[in-house]
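S.K.: could you look at this predicted model? Sequence included:
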Amino acid sequence: MTELSSEEIQELMGRAGDVMWESPFGTTMPAYYASYANAHMAKYGTTEEQMALVSVKNRKYGSKNPNAMFQKPIQLEEVLKSRMVSYPLKLYDCCANADGAACLLITSAEKAKKISDRPVWISGLGLASSPMSLAGRKGPLTSFDATRNAARTAYEMANIKPHDVHVAEVHDSFSVTEIINYEDLGFARPGRGAKLLENQGTELGGRIPVNIDGGLISKGHPVGATGASQIFALVKQLRGEAGSVQVDGAKIGLAQNIGGIGMYCSVTILRS
(Lines give C-alpha, C1' and ligand atoms only; values in the text may rest on other atoms or scores of the structure.)
Protein backbone atom coordinates (compact mmCIF):
# COMPACT_ATOMS: atom_id res chain seq x y z
CA MET A 1 0.00 0.00 0.00
CA THR A 2 2.80 2.44 0.83
CA GLU A 3 4.39 2.11 -2.61
CA LEU A 4 1.84 4.66 -3.84
CA SER A 5 0.98 8.12 -2.58
CA SER A 6 -2.26 8.75 -0.68
CA GLU A 7 -3.64 10.55 -3.72
CA GLU A 8 -2.88 7.61 -6.03
CA ILE A 9 -4.41 5.11 -3.61
CA GLN A 10 -7.59 7.16 -3.23
CA GLU A 11 -7.94 7.45 -6.99
CA LEU A 12 -7.58 3.69 -7.48
CA MET A 13 -9.93 2.77 -4.62
CA GLY A 14 -12.44 5.34 -5.85
CA ARG A 15 -12.62 3.40 -9.10
CA ALA A 16 -13.31 0.07 -7.39
CA GLY A 17 -16.29 -2.00 -8.38
CA ASP A 18 -19.65 -0.41 -9.04
CA VAL A 19 -18.49 3.03 -7.95
CA MET A 20 -16.27 3.32 -11.01
CA TRP A 21 -19.04 5.12 -12.88
CA GLU A 22 -19.01 7.87 -10.25
CA SER A 23 -15.23 8.16 -9.86
CA PRO A 24 -14.82 10.63 -12.79
CA PHE A 25 -16.80 13.11 -10.66
CA GLY A 26 -14.11 12.98 -7.99
CA THR A 27 -15.63 10.49 -5.57
CA THR A 28 -13.29 8.84 -3.08
CA MET A 29 -13.79 6.47 -0.16
CA PRO A 30 -13.68 9.32 2.41
CA ALA A 31 -16.33 11.17 0.40
CA TYR A 32 -18.57 8.10 0.22
CA TYR A 33 -18.41 7.45 3.94
CA ALA A 34 -18.90 11.15 4.62
CA SER A 35 -22.22 10.76 2.81
CA TYR A 36 -23.15 7.99 5.24
CA ALA A 37 -22.07 10.15 8.16
CA ASN A 38 -24.17 13.10 7.02
CA ALA A 39 -27.20 10.86 6.46
CA HIS A 40 -26.84 9.29 9.92
CA MET A 41 -26.51 12.71 11.52
CA ALA A 42 -29.59 14.00 9.68
CA LYS A 43 -31.79 11.01 10.48
CA TYR A 44 -30.72 10.11 14.00
CA GLY A 45 -29.00 13.21 15.39
CA THR A 46 -25.59 11.54 15.60
CA THR A 47 -22.93 14.15 16.38
CA GLU A 48 -19.36 14.73 15.29
CA GLU A 49 -18.32 14.29 18.92
CA GLN A 50 -19.92 10.85 19.08
CA MET A 51 -18.17 9.74 15.90
CA ALA A 52 -14.88 11.05 17.28
CA LEU A 53 -15.31 8.78 20.31
CA VAL A 54 -14.74 5.78 18.02
CA SER A 55 -11.26 7.07 17.23
CA VAL A 56 -10.56 7.85 20.89
CA LYS A 57 -11.57 4.33 21.91
CA ASN A 58 -9.68 2.54 19.17
CA ARG A 59 -6.53 4.58 19.60
CA LYS A 60 -6.64 3.85 23.34
CA TYR A 61 -6.63 0.12 22.69
CA GLY A 62 -4.17 0.49 19.82
CA SER A 63 -1.69 1.82 22.37
CA LYS A 64 -1.75 -1.68 23.89
CA ASN A 65 -1.18 -3.45 20.55
CA PRO A 66 2.51 -3.76 19.59
CA ASN A 67 1.49 -4.47 15.97
CA ALA A 68 -0.60 -1.32 15.60
CA MET A 69 0.58 1.45 13.29
CA PHE A 70 -0.49 4.13 15.79
CA GLN A 71 0.34 3.37 19.42
CA LYS A 72 -0.42 6.70 21.05
CA PRO A 73 -3.81 7.51 22.63
CA ILE A 74 -5.57 10.68 21.46
CA GLN A 75 -8.09 12.95 23.12
CA LEU A 76 -11.53 13.92 21.86
CA GLU A 77 -10.45 17.49 21.13
CA GLU A 78 -7.54 16.26 19.02
CA VAL A 79 -9.93 14.35 16.78
CA LEU A 80 -12.33 17.28 16.48
CA LYS A 81 -9.53 19.74 15.69
CA SER A 82 -7.74 17.56 13.14
CA ARG A 83 -7.95 18.76 9.56
CA MET A 84 -11.13 18.19 7.59
CA VAL A 85 -10.95 15.42 4.98
CA SER A 86 -14.56 15.24 3.80
CA TYR A 87 -17.19 16.81 6.02
CA PRO A 88 -17.85 15.71 8.73
CA LEU A 89 -14.96 13.23 8.64
CA LYS A 90 -11.66 14.61 9.88
CA LEU A 91 -8.17 13.20 9.65
CA TYR A 92 -8.45 11.20 12.88
CA ASP A 93 -11.86 9.85 11.86
CA CYS A 94 -10.11 7.98 9.03
CA CYS A 95 -7.90 4.92 9.02
CA ALA A 96 -4.49 5.13 7.37
CA ASN A 97 -3.11 3.28 4.37
CA ALA A 98 -0.69 0.70 5.73
CA ASP A 99 1.37 -2.34 4.88
CA GLY A 100 0.56 -5.49 6.82
CA ALA A 101 0.08 -9.23 6.73
CA ALA A 102 -1.84 -11.90 8.61
CA CYS A 103 -1.98 -15.67 8.31
CA LEU A 104 -4.77 -18.11 9.19
CA LEU A 105 -4.53 -21.90 9.42
CA ILE A 106 -7.84 -23.62 8.63
CA THR A 107 -8.21 -27.38 8.71
CA SER A 108 -10.66 -30.19 9.41
CA ALA A 109 -11.98 -30.87 12.91
CA GLU A 110 -9.98 -34.11 13.11
CA LYS A 111 -6.68 -32.45 12.24
CA ALA A 112 -7.42 -29.40 14.39
CA LYS A 113 -7.72 -31.61 17.46
CA LYS A 114 -4.38 -33.24 16.66
CA ILE A 115 -2.37 -30.07 16.15
CA SER A 116 -3.88 -27.86 18.86
CA ASP A 117 -5.16 -28.36 22.39
CA ARG A 118 -7.17 -25.11 22.01
CA PRO A 119 -8.71 -25.11 18.55
CA VAL A 120 -11.13 -22.35 17.62
CA TRP A 121 -14.19 -23.37 15.60
CA ILE A 122 -15.95 -21.58 12.75
CA SER A 123 -19.53 -21.62 13.99
CA GLY A 124 -21.23 -19.35 11.49
CA LEU A 125 -20.40 -17.65 8.21
CA GLY A 126 -22.43 -15.14 6.23
CA LEU A 127 -21.55 -13.52 2.90
CA ALA A 128 -23.58 -10.86 1.10
CA SER A 129 -23.27 -8.01 -1.36
CA SER A 130 -25.12 -4.78 -2.10
CA PRO A 131 -24.62 -1.73 -4.33
CA MET A 132 -22.00 0.70 -3.14
CA SER A 133 -22.51 3.46 -5.67
CA LEU A 134 -24.92 6.18 -4.63
CA ALA A 135 -26.80 5.76 -7.92
CA GLY A 136 -27.30 2.05 -7.25
CA ARG A 137 -28.59 2.33 -3.68
CA LYS A 138 -32.32 2.26 -3.06
CA GLY A 139 -32.46 3.11 0.63
CA PRO A 140 -31.03 5.83 2.89
CA LEU A 141 -27.29 5.97 3.56
CA THR A 142 -27.66 4.94 7.20
CA SER A 143 -27.16 1.18 6.90
CA PHE A 144 -25.22 -1.41 4.89
CA ASP A 145 -27.58 -4.03 3.45
CA ALA A 146 -24.66 -6.39 2.89
CA THR A 147 -23.78 -6.38 6.59
CA ARG A 148 -27.35 -6.97 7.76
CA ASN A 149 -27.87 -9.84 5.33
CA ALA A 150 -24.50 -11.47 6.04
CA ALA A 151 -25.07 -11.17 9.79
CA ARG A 152 -28.50 -12.76 9.55
CA THR A 153 -27.05 -15.78 7.76
CA ALA A 154 -24.14 -16.12 10.20
CA TYR A 155 -26.37 -15.87 13.29
CA GLU A 156 -28.73 -18.50 11.92
CA MET A 157 -25.89 -20.88 11.09
CA ALA A 158 -24.33 -20.44 14.53
CA ASN A 159 -27.77 -20.62 16.19
CA ILE A 160 -27.13 -17.52 18.29
CA LYS A 161 -28.44 -13.98 18.69
CA PRO A 162 -26.44 -10.73 18.70
CA HIS A 163 -26.53 -10.54 22.50
CA ASP A 164 -24.70 -13.90 22.69
CA VAL A 165 -21.51 -12.43 21.19
CA HIS A 166 -18.78 -11.75 23.75
CA VAL A 167 -16.28 -9.79 21.62
CA ALA A 168 -16.33 -8.37 18.10
CA GLU A 169 -14.05 -7.02 15.40
CA VAL A 170 -15.78 -4.75 12.88
CA HIS A 171 -14.66 -2.76 9.86
CA ASP A 172 -13.85 0.77 11.06
CA SER A 173 -12.27 2.32 7.98
CA PHE A 174 -13.97 5.52 9.18
CA SER A 175 -15.40 6.31 12.60
CA VAL A 176 -19.00 6.44 11.38
CA THR A 177 -18.62 2.98 9.85
CA GLU A 178 -18.13 1.38 13.26
CA ILE A 179 -21.26 3.06 14.62
CA ILE A 180 -23.35 1.87 11.66
CA ASN A 181 -21.91 -1.62 12.10
CA TYR A 182 -23.13 -1.73 15.71
CA GLU A 183 -26.64 -1.24 14.39
CA ASP A 184 -26.45 -3.55 11.38
CA LEU A 185 -25.04 -6.38 13.51
CA GLY A 186 -27.83 -6.04 16.06
CA PHE A 187 -25.69 -4.76 18.93
CA ALA A 188 -27.83 -1.61 18.99
CA ARG A 189 -31.15 -0.55 17.49
CA PRO A 190 -31.06 1.69 14.38
CA GLY A 191 -29.96 5.15 15.45
CA ARG A 192 -28.73 3.96 18.85
CA GLY A 193 -25.20 2.89 17.91
CA ALA A 194 -23.67 6.18 19.00
CA LYS A 195 -25.37 5.91 22.40
CA LEU A 196 -24.00 2.37 22.85
CA LEU A 197 -20.53 3.80 22.26
CA GLU A 198 -21.12 6.89 24.40
CA ASN A 199 -22.26 4.72 27.31
CA GLN A 200 -19.03 2.68 27.00
CA GLY A 201 -20.93 -0.41 25.90
CA THR A 202 -18.24 -1.28 23.35
CA GLU A 203 -15.31 -0.77 25.73
CA LEU A 204 -13.42 -3.54 27.51
CA GLY A 205 -15.78 -4.49 30.33
CA GLY A 206 -18.80 -3.18 28.41
CA ARG A 207 -21.76 -5.11 27.05
CA ILE A 208 -20.01 -5.96 23.76
CA PRO A 209 -16.32 -5.00 23.48
CA VAL A 210 -15.55 -3.99 19.87
CA ASN A 211 -12.17 -3.47 18.19
CA ILE A 212 -10.20 -3.65 21.39
CA ASP A 213 -7.10 -4.49 19.38
CA GLY A 214 -7.29 -0.92 18.05
CA GLY A 215 -9.26 -1.57 14.88
CA LEU A 216 -8.19 -0.17 11.51
CA ILE A 217 -8.05 3.34 12.95
CA SER A 218 -5.06 2.26 15.06
CA LYS A 219 -3.68 -0.73 13.19
CA GLY A 220 -3.92 0.84 9.75
CA HIS A 221 -5.68 -0.66 6.73
CA PRO A 222 -3.58 -2.98 4.54
CA VAL A 223 -6.80 -3.92 2.68
CA GLY A 224 -6.15 -7.59 1.83
CA ALA A 225 -4.85 -8.46 5.30
CA THR A 226 -7.56 -6.62 7.20
CA GLY A 227 -10.13 -9.41 7.53
CA ALA A 228 -7.52 -11.99 8.47
CA SER A 229 -6.16 -9.70 11.18
CA GLN A 230 -9.65 -9.53 12.70
CA ILE A 231 -9.80 -13.32 12.92
CA PHE A 232 -6.32 -13.35 14.44
CA ALA A 233 -7.43 -10.93 17.17
CA LEU A 234 -10.53 -13.01 17.96
CA VAL A 235 -8.59 -16.28 18.12
CA LYS A 236 -6.33 -14.71 20.74
CA GLN A 237 -9.39 -13.61 22.70
CA LEU A 238 -11.06 -17.03 22.55
CA ARG A 239 -7.83 -18.74 23.63
CA GLY A 240 -7.35 -16.33 26.52
CA GLU A 241 -4.14 -14.94 25.01
CA ALA A 242 -5.12 -11.28 24.59
CA GLY A 243 -3.19 -10.00 27.61
CA SER A 244 -4.22 -6.57 28.90
CA VAL A 245 -7.26 -6.44 26.60
CA GLN A 246 -8.55 -9.91 27.37
CA VAL A 247 -12.35 -10.13 27.61
CA ASP A 248 -13.21 -12.25 30.64
CA GLY A 249 -14.93 -15.49 29.71
CA ALA A 250 -14.91 -14.82 25.95
CA LYS A 251 -16.28 -17.90 24.18
CA ILE A 252 -17.98 -16.42 21.09
CA GLY A 253 -16.41 -13.86 18.78
CA LEU A 254 -17.70 -12.10 15.66
CA ALA A 255 -15.74 -10.55 12.79
CA GLN A 256 -17.36 -8.27 10.19
CA ASN A 257 -15.47 -7.00 7.19
CA ILE A 258 -16.62 -5.05 4.15
CA GLY A 259 -14.91 -4.11 0.91
CA GLY A 260 -13.84 -5.81 -2.29
CA ILE A 261 -14.92 -4.95 -5.83
CA GLY A 262 -18.20 -3.33 -4.82
CA MET A 263 -19.83 -3.64 -1.39
CA TYR A 264 -19.20 -7.15 -0.12
CA CYS A 265 -19.47 -8.23 3.50
CA SER A 266 -18.35 -11.28 5.41
CA VAL A 267 -19.50 -12.03 8.94
CA THR A 268 -17.68 -14.85 10.72
CA ILE A 269 -18.67 -16.26 14.11
CA LEU A 270 -16.04 -18.20 16.06
CA ARG A 271 -16.33 -20.37 19.17
CA SER A 272 -13.69 -21.66 21.52
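M.R.: Perfect, I can see it now. Numbers count the residues shown, from 1 in each chain.

S.K.: pull out the buried positions in stretch 139-154.
M.R.: 141-152, 154 (16 or more other CB atoms under 10 Å). Heads up, the C-betas are built off the backbone N, CA and C, glycines and all.

S.K.: let's have these in a markdown table, adding distance to Tyr36 and secondary structure.
M.R.: What follows is those, written out as a markdown table (distance: CB to CB, whole Å; DSSP: H, G, I helix; E, B strand; the rest coil):
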| residue | distance to Tyr36 | secondary structure |
| --- | --- | --- |
| Leu141 | 5 | coil |
| Thr142 | 7 | coil |
| Ser143 | 9 | coil |
| Phe144 | 8 | coil |
| Asp145 | 13 | helix |
| Ala146 | 13 | helix |
| Thr147 | 12 | helix |
| Arg148 | 14 | helix |
| Asn149 | 17 | helix |
| Ala150 | 18 | helix |
| Ala151 | 18 | helix |
| Arg152 | 21 | helix |
| Ala154 | 22 | helix |
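
S.K.: so which of the residues you listed is the closest to Ile252?
M.R.: Ala154 (11.3 Å; CB to CB).

S.K.: what residues are up against the closest residue to Ala39 other than its chain neighbours?
M.R.: Nearest non-adjacent residue to Ala39, counting by CB to CB, 6 or more residues apart in numbering: Leu141, 3.8 Å away. By CB atoms under 8 Å, 6 or more residues apart in numbering, the residues touching Leu141 are 35-36, 38-40, 134.

S.K.: let's go with 7 Å and repeat that
M.R.: 35-36, 39 (CB atoms under 7 Å, 6 or more residues apart in numbering).

S.K.: do the same with Glu49
M.R.: Taking CB under 7 Å, 6+ apart, one finds 76, 80 in contact with Glu49.

S.K.: please report the distance of it from Asp93.
M.R.: For Glu49, the distance to Asp93 (CB to CB, to the nearest Å) stands at 11 Å.

S.K.: the most far-flung residue of the chain relative to its centre sits in which helix or strand?
M.R.: Distance to the chain centre peaks in the chain at Lys114, reaching 32.8 Å (criterion: CA atoms, centre = their mean). Element membership of Lys114, judged by DSSP states H and E, is helix 109-115.

S.K.: residues in contact with that helix?
M.R.: Pro119.

S.K.: report the mean confidence score over that helix.
M.R.: The average pLDDT for helix 109-115 rounds to 90.

S.K.: which intervals of the protein have sub-threshold pLDDT?
M.R.: 14-26, 261-262 (pLDDT under 70).

S.K.: who's Val210 bridged to?
M.R.: Ala168 (DSSP bridges).
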